[in-house]
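Q: Pasting the sequence and the predicted coordinates here, then a few questions.
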Amino acid sequence: MTERKLPTGWVWTTLSDVVLPVSKTDPASFERPQFRYIDISAVDGNSQQLNDVPSVAVGSAPSRARQLVRAGDTVFSTVRPYLRKIAWVPEHLDGEIASTGFCVLRPSPAIDSRFLFFAVTRQDFLDEVIAKQRGVSYPAVRPAEVLEIPIPLPPLPEQRRIVDALEDHLSRVNAADASVHAAIARISHLTRCNHRSALSRATNADSVRISEIAKVGSGATPLRSKARYYDGGTIPWATSGDLHAGDIFDVSGRITEVAMQETAVKLWPAGTLLVAMYGEGKTRGTVAELRIASTTNQACAAILIHPEFSDLKRWVRFILRTRYDEMRSQASGGVQPNLSLGRIKEISIPMPDVEIRNAILAEDEANSEATDRLRLAGEQSLARSAALRRSLLRAAFNGDLVDQDPTDEPVAGTLAKTQSRIVPRRRRKAVPAK
């Protein structure tokens with residue numbers, strides 16, 4: 001990274017120059033019977049906050065539960081850093097245990113703990129971390145690589161002024177986002193109510209099993225370890241990540257003819273419906289329709305349904321989307337319950353007269369257009385909020401958010417006083433701004 005010119009009194013330094021050592025521990029040595037375990041899954045990558053942190057019995061401690069954290073630490077996930085799993089440790093988690101999947105950043109006296117947190121949530125910093133990640137299926141960086149990244153550091157009093165200003169501005173942004181999220185949740189609730197109301201008009205109609213009116217099958221995934229299944233492939237291959245709540249006009253992958261010959265994948269025509277086996281949290285969608293002109297095959301995370309008659313496709317799709325939550329509640333399995341092929345085949349589809357079906361579908365489409373517009377407006381608002389956050393952080397770390405005070409003690413002096421307490425693995429010395 002090319003270091004830009006900083007305001008007077010600021011320096012470029014690395015994280016290793018401003019963090020303290022973090023103790024490793026074995027929970028078995030605890031006198032208490034349980035502890036709170038901060039795993040990577042406990043961090044919300046959107047809000048950069050810790051969700052519910054579970055209590056774990058000492059005798060059942062995971063092998064990665066080894067880092068003793070203190071209030072004011074920042075935990076920075078070194079696994080898939082692009083997911084932004086970064087959080088500040090609050091007072092009530094002081095003395096608890098974090099996963100070794102985190103680089104735990106403990107502020108030295110030279111840096112404010114919240115300033116440190118904001119410094120590593122900046123997009124510029126994350127871009128540097130992501131550039132260092134290695135691996136494909138499990139991309140990660142080493143803690144030492146995180147610690148060697150440079151950050152701009154102002155005098156300590158100015159750090160605190162910056163933090164105060166950021167938290168004031170961001171609290172307003174957070175409040176606005178919370179309102180938007182609540183509105184989107186109400187829109188989703190309204191959509192479900194509209195679906196139930198429309199479907200109630202078909203409750204007295206005769207029903208058929210979905211397997212009686214459609215071809216139903218499951219997908220397959222060619223082994224990722226076999227390059228010949230993917231290199232130079234031209235056959236569209238839809239994955240669970242392509243399965244949104246609407247239509248699939250393009251897919252993220254392609255496979256080869258060899259993959260078709262050597263594996264169980266099958267071709268499905270445009271118009272095929274895809275039903276997520278694992279729910280929205282896993283696949284980012286529930287029911288979608290392939291709208292690709294050529295035939296395609298599907299990964300194993302979805303069930304494929306192709307109605308026998310084209311005029312039934314809209315109706316079957318409507319029923320599946322309307323009843324998806326109900327189907328998910330009846331899914332089998334433990335930690336990750338899923339909708340099985342057999343369960344999907346037995347789904348009952350009400351079949352009222354065609355006039356009633358068309359009236360219900362017309363009403364649903366009108367309602368969907370209105371709610372989709374509202375949802376889009378909410379998503380655009382959240383996107384603007386995210387851009388505002390980035391701008392605030394950029395201004396803060398460029399020295400443009402608060403005024404400089406010439407009476408502040410230069411940060412280079414503060415660093416010099418605390419160097420003996422810093423982790424002895426820094427790669428570079430602080431460079432005062434000219």
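A: Received the coordinates, thanks.

Q: Wait, a helix at residue 167?
A: Yes. According to DSSP: H, G, I helix; E, B strand; the rest coil, residue 167 belongs to a helix.

Q: Now do the contacts for it.
A: Contacts for residue 167 were tallied using CB atoms under 8 Å, 6 or more residues apart in numbering; they are residue 114. Every C-beta, even on glycine, is put in place using the N, C-alpha and C of the backbone.

Q: Which residue ranges of the stretch 1-150 of the chain form strands?
A: 11-14, 19-20, 34-38, 43-44, 49-50, 55-57, 65-68, 74-77, 86-88, 97-99, 102-107, 150-153 (DSSP state E, counting those that start in this stretch).

Q: Check which element follows the helix or strand harbouring residue 391 along the chain.
A: The secondary structure element spanning residue 391 is helix 354-398 (assigned by DSSP states H and E). Beyond helix 354-398 in the direction of the C-terminus, DSSP H and E gives the next helix or strand as helix 411-418.

Q: Now do that following helix: which elements does it pack against?
A: Contact here means 3 or more CB pairs under 8 Å, 6 or more residues apart in numbering; DSSP states H and E; on that basis helix 411-418 packs against strand 11-14.

Q: ok, the strand it packs on: who's next to it in the sheet?
A: The partner list of strand 11-14 in its sheet, established with DSSP bridges, is strand 150-153 (antiparallel), strand 431-432 (antiparallel).

Q: Please state the offset of it from the chain centre?
A: Its chain's C-alpha centre lies 30 Å from the corresponding centre of strand 11-14 when counted by CA atoms, centre = their mean, to the nearest Å.

Q: And for stretch 141-154?
A: Computed by CA atoms, centre = their mean, the separation of stretch 141-154 from the middle of its chain amounts to 23 Å.

Q: Please apply the same query to stretch 253-265.
A: What separates the centre of stretch 253-265 from the centre of its chain is 30 Å, taken as CA atoms, centre = their mean.

Q: What is the end-to-end distance of that stretch?
A: Start-to-end span of stretch 253-265 (CA to CA, to the nearest Å) is 14 Å.

Q: mind listing what the helix or strand residue 304 falls within pairs with, with the direction of each?
A: Take DSSP H and E as the rule and residue 304 turns out to sit in strand 302-307. As defined by DSSP bridges, the strand partners of strand 302-307 come to strand 214-218 (antiparallel), strand 273-276 (antiparallel).

Q: buried ones in the longest one?
A: I take that to be strand 214-218. Of the residues in strand 214-218, those scored as buried under the neighbour-count criterion (16 or more other CB atoms under 10 Å) are 214, 216-218.

Q: Can I get whichever helix or strand comes after it as PDB, trimmed to CA atoms?
A: Stepping forward along the backbone from strand 214-218, the first helix or strand reached (DSSP H and E) is strand 235-238. These are the backbone C-alpha positions of strand 235-238, laid out as PDB (Å, rounded to 0.1, in the frame of the first residue of the first chain):
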ATOM      1  CA  ILE A 235     -22.600 -26.500 -19.600                       C
ATOM      2  CA  PRO A 236     -24.500 -24.100 -17.200                       C
ATOM      3  CA  TRP A 237     -24.400 -25.500 -13.600                       C
ATOM      4  CA  ALA A 238     -26.600 -23.800 -11.000                       C
END
